[in-house]
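# 3D model of this:
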Amino acid sequence: MAKYNPYDNFLAVLDQAAKSIGMREEDYVLIKYPERELKVSVPIRMDDGSIRVFEGYRVQHSTSRGPCKGGIRYHQDVNIDEVKALAAWMSFKCAVVNIPYGGAKGAIKVNPSTLSVSELERLTRRYTAMIFPILGPEKDIPAPDVGTNAQVMDWIMDTYSMTRGYTVHGVVTGKSLEVGGSLGRPEATGRGIMIVTLKMLEKNNISPKDVKISIQGMGNVGSTAAKLLYQKGCKIVAVADVSGGLYNPDGLDIPKIYKFVKAKNLLKDYTDNDARHVTNREVLTAPCDILIPAALENQITAEIASDLKCKIVIEAANGPTTVDADKILAERNITVLPDVLSNAGGVVVSYCEWVQNLQSLTWDENDVNNTLYKVMSRAFDDVYNKAKEHKLSYRIAAYAVAIERICTAKRKRGLFP
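Numbering: from 1, shown residues only. You can find the predicted model right below:
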């Protein structure tokens, strides 16, 4: 069995989408290749005095529509192909929601839970120094991703600022409020999931109160989506984190579970007579109307796709569905709302944060959430209309929207030199 390569997955969907709207390869060949791939070694002194060297990456996929934007991931299994794919998906995500960014992604091959806070800080600061030449509010703006958070962004901002000699808030987004972060940013991706889910229900004339939802992943995105959808009247019947899942066909007590996971507890330790402990796979294959994969990529494989019992998949994670699985879901008439649309709420509010930083302004949370709703709703309608116009799946339609926008920008700018 061939090893899964997420960048090959990206290229396969890219070719399919471009052909579906009549584009020749020469019209879009430039976006098949990242503009820049940087691999760095990150040496740090550990707390015991020893020196370890970690492997780091920063990939810039496209700057055609603006400076690069994308998270930094700390994970022990990360590799260059994963980072390339995530950078490309960011380019497409920004184009789908029509904000003036290109895509990038960064990563360090490390399990952050094995490091002390001081080791993490030294690792982050050294990594920032190593990728410093390609960073900047007008060049490349990182954000949190798997294994990183606002504190990591604060360290990056401070390191960059110290090197420049003055405070540069706009070099990262997802920062703490006290150092230039934006209200509404921590909940933005999960809120975006809620917005597109409700838009999908509205298009199908379904009331939220008539819907059962299963959510794989109870990190920041999954837990926020669960909380907000529960508040809208949806019944959340299954949830999972890395330790396992919970299931109740009559609906879980989401406020209680939300409070539990926010206290950094694992679901395997959750006790409630109304919730049955199940495996991660059972959460994916639970009987429901909507499945929201909100963990890591490559979760819905061809094998899993055959066993899904949902009608709609809303992709909250990046790349959770393989190309082979997509074909099976299409054959089974299971609708998939793709990651490049569904989980774009985070980058939309990152854009809001960046704009506030550049203008030295602070927006209130209603302004941020209203902007998020407007941008996500418009993007959903663009993808929905493209799908209906060309009789495409939502994934191919979203890619088609993005390809047209990126390639138009490239064509208007011309080829240098």
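# Report pLDDT for Met1.
Model confidence at Met1, given as pLDDT, is 52.
# now do the one 5 residues further on
According to the prediction, Pro6 has pLDDT 86.
# again, but for Val110
For Val110, pLDDT reads 98.
# Counting neighbours, what do you get for it?
By other Cβ atoms under 10 Å, the residues close to Val110 number 24. To be clear about C-beta, it is placed using only N, CA and C from the backbone, and glycine gets the same treatment.
# Can you pull out the low-pLDDT segments for the stretch 1-150 of the chain?
1-2 (pLDDT under 70).
# what do you get if the cut-off is 50, keeping everything else the same?
For the stretch 1-150 of the chain, no stretch has pLDDT under 50.
# hey, where'd the helices end up in it?
6-20, 25-28, 80-96, 117-131, 150-164 (DSSP state H, counting those that start in this stretch).
# do the same with the stretch 301-417 of the chain
Under the criterion DSSP H, counting those that start in this stretch, the stretch 301-417 of the chain contains helices at 302-305, 323-331, 339-342, 345-359, 365-390, 394-413.
# Using CSV, write out every CA atom in stretch 163-178.
Extracted C-alpha coordinates of stretch 163-178, given in CSV (Å, rounded to 0.1, in the frame of the first residue of the first chain):
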residue,chain,number,x,y,z
THR,A,163,15.6,41.7,16.1
ARG,A,164,13.9,44.7,14.4
GLY,A,165,14.5,47.0,17.4
TYR,A,166,10.8,48.0,17.8
THR,A,167,7.5,46.2,18.5
VAL,A,168,5.9,44.7,15.4
HIS,A,169,2.5,43.4,16.4
GLY,A,170,1.5,42.4,12.9
VAL,A,171,4.2,39.8,12.3
VAL,A,172,1.9,37.0,13.8
THR,A,173,-1.8,36.6,14.5
GLY,A,174,-3.5,34.5,17.2
LYS,A,175,-1.6,36.4,19.9
SER,A,176,-2.7,37.1,23.4
LEU,A,177,-5.0,40.1,23.7
GLU,A,178,-2.5,41.9,25.9
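# So for that stretch, mean pLDDT?
Rounded mean pLDDT across stretch 163-178 is 97.
# hmm, who's touching it?
69, 71, 129, 132, 135-137, 141-144, 149-151, 153-154, 156-157, 160-161, 179-183, 185-186, 346, 350-351, 353-354, 357-358 (Cβ atoms under 8 Å, 6 or more residues apart in numbering).
# hang on, the earlier thing: tabulate the helices of the stretch 1-150 of the chain in JSON lines, adding columns for distance to Gly217 and mean neighbour count.
JSON lines is the format used below for these (distance: least, Cβ to Cβ, whole Å; neighbours: other Cβ atoms under 10 Å):
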{"stretch": "helix 6-20", "distance to Gly217": "17", "mean neighbour count": "19"}
{"stretch": "helix 25-28", "distance to Gly217": "32", "mean neighbour count": "13"}
{"stretch": "helix 80-96", "distance to Gly217": "16", "mean neighbour count": "27"}
{"stretch": "helix 117-131", "distance to Gly217": "23", "mean neighbour count": "19"}
{"stretch": "helix 150-164", "distance to Gly217": "19", "mean neighbour count": "20"}
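# Same list (those helices) but as JSON lines, adding distance to Ile300.
Listed next are these as JSON lines, based on distance: least, Cβ to Cβ, whole Å:
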{"stretch": "helix 6-20", "distance to Ile300": "12"}
{"stretch": "helix 25-28", "distance to Ile300": "26"}
{"stretch": "helix 80-96", "distance to Ile300": "16"}
{"stretch": "helix 117-131", "distance to Ile300": "31"}
{"stretch": "helix 150-164", "distance to Ile300": "29"}
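# For Leu229, find the nearest of these.
When these are compared by Cβ to Cβ, helix 80-96 sits nearest Leu229, at 21.2 Å.
# circling back: going through the contacts of stretch 163-178, which ones are buried?
69, 71, 129, 135-137, 141-144, 150, 153-154, 156-157, 160, 180-183, 185-186, 346, 350-351, 353-354, 357 (16 or more other Cβ atoms under 10 Å).
# rewinding a little: between the helices of the stretch 1-150 of the chain, which one is closest to Cys234.
Here helix 80-96 is closest among the helices of the stretch 1-150 of the chain (Cβ to Cβ), at 24.3 Å.
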